[in-house]
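J.: Predicted structure and sequence below. I'll ask about it afterward.
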Amino acid sequence: MGRYVAIDEDAYKILSMSKSKPGKHGSAKARIELEDIFTGQKRSHVGTVTDTINIPLIEKGSAIITHIQGSEVHAMDNKSYQPLILPVEEGMNLQSGGEIQWMEAMGRYKISRDH
């Protein structure tokens, strides 16, 4: 689906959505299967179809790695030239001078792709 929601101060990608019919004394319910965009943990959210759900503002960009220090990647954004400090993720091929794609939502940063 590729859509995002913000629940409990976290940003999630919507994996699937389903609706149930209203019962005798209740309103229709919606069930949303979600994946945390930072941790990858999956969860479900159930609410009425009239509930208000917030949508996170997600920024994306690319940057050049200046250096790696411990569990942090220090990089410079390609558009604004602002310094970024991003967490290192397992399995990524990162080295100084390399380019990365990053994303930010709700004050948290993530490397979304290494080149």
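T.: It's in.
J.: What separation do you get for Met76 and Gln101?
T.: Look at Met76 and Gln101: by Cβ to Cβ, to the nearest Å, they are 14 Å apart. For every residue, glycine as well, the C-beta is placed using N, CA and C.
J.: How about Tyr81?
T.: Tyr81 is 17 Å from Gln101, by Cβ to Cβ.
J.: Quickly list what the nearest residue to His115 once chain neighbours are set aside is bridged to.
T.: Excluding the flanking residues, the one nearest His115 by Cβ to Cβ, 6 or more residues apart in numbering is Glu99, at 4.6 Å. When bridges are called by DSSP bridges, Glu99 pairs up with Ile64.
J.: residues in contact with Lys19?
T.: The contact partners of Lys19, taken as Cβ atoms under 8 Å, 6 or more residues apart in numbering, are Ala28, Lys29, Ala30, Arg31, Val49.
J.: Surely the first one touches Ser18?
T.: What that stands for is Ala28. No: at 10.9 Å, Ala28 does not count as touching Ser18 under the criterion of Cβ atoms under 8 Å.
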